[in-house]
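In: could you work out the structure for the sequence below:
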Amino acid sequence: MSDRFIVLSGCSGGGKSTLLEELRRRGHAVVDEPGRRIVQEELATGGSALPWLDLAAFARRAIALALADRAAMRDQPGLVFFDRGLIDAASALEASGGEPVLAALAREHRYNGRVFLTPPWPKIYAGDPERRHGFDAALTEYERLAKTYPMLGYETVILPKVSVAERADFVLARL
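Out: Numbers count the residues shown, from 1 in each chain. Okay, here's the model as predicted:
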């Protein structure tokens, strides 16, 4: 396990990416969400590994990208913050009816034992070309992840609904 690898997970549209930008601004290493990068690439190239077209293919690509991200950050000094990552992708693959890979991947590739979850926050939720699902789907995803992380031995910490700077302070104080 790498105690330096910190996962920010939780509800889609809950402010993870914005929080990551604040942590980056403060000098921490961050890894952007695999899913967003995949969607951007697939839309640009006319691909079909998109969550609304082929969730299993999308999740498999997200797993591969999350593993590559971990390897790329292995020698990065200090804390590294991940916007989602391997557990989220493997959980999505299993939820889509894909192969059961979550337990094995989670055992082999651990993150810090404390995972920070962004709770559902309708006030800031917004769809965009890369986030085409509605708030109800985001809630379903959040509920799945809120169960998955503890099941795998992680302590989940729910982020408060406060300003971005206060959220960053909250995360750093708990590490």
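
In: from now on I want contacts and neighbour counts done on CA atoms only, so please keep to that.
Out: Fine.

In: can you find the helix or strand in this structure with the smallest mean pLDDT?
Out: helix 135-151 (a mean of 88; mean pLDDT, DSSP states H and E).

In: can you give me the offset of it from its chain's centre?
Out: Per C-alpha atoms, centre = their mean, to the nearest Å, the displacement of helix 135-151 from the mean C-alpha position of its chain is 11 Å.

In: now do stretch 98-106
Out: Centre-to-centre, stretch 98-106 and its host chain are 16 Å apart (C-alpha atoms, centre = their mean).

In: that older thread, next secondary structure after the least confident helix or strand of the chain?
Out: Proceeding N to C from helix 135-151, the next assigned helix or strand is strand 155-158, under DSSP states H and E.

In: ok, back up a step: what does the least confident helix or strand of the chain rub up against?
Out: Helix 135-151 is contacted by residues 9-13, 87-88, 91, 115, 117, 119-120, 122, 125, 155-156 when judged by C-alpha atoms under 8 Å, 6 or more residues apart in numbering.

In: may I have that helix as PDB, with CA atoms only?
Out: Taking Å, rounded to 0.1, in the frame of the first residue of the first chain, the C-alpha atoms of helix 135-151 are listed here in PDB:
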ATOM      1  CA  PHE A 135     -28.300  13.400 -10.500                       C
ATOM      2  CA  ASP A 136     -30.200  10.100  -9.800                       C
ATOM      3  CA  ALA A 137     -27.500   8.100 -11.500                       C
ATOM      4  CA  ALA A 138     -24.900  10.100  -9.500                       C
ATOM      5  CA  LEU A 139     -26.700   9.100  -6.300                       C
ATOM      6  CA  THR A 140     -26.700   5.400  -7.200                       C
ATOM      7  CA  GLU A 141     -23.000   5.600  -8.000                       C
ATOM      8  CA  TYR A 142     -22.300   7.300  -4.700                       C
ATOM      9  CA  GLU A 143     -24.200   4.700  -2.700                       C
ATOM     10  CA  ARG A 144     -22.300   1.900  -4.400                       C
ATOM     11  CA  LEU A 145     -18.900   3.500  -3.700                       C
ATOM     12  CA  ALA A 146     -19.900   4.400  -0.100                       C
ATOM     13  CA  LYS A 147     -20.400   0.700   0.500                       C
ATOM     14  CA  THR A 148     -17.500  -0.600  -1.600                       C
ATOM     15  CA  TYR A 149     -14.600   1.300   0.100                       C
ATOM     16  CA  PRO A 150     -15.400   0.200   3.700                       C
ATOM     17  CA  MET A 151     -16.000  -3.400   2.400                       C
END
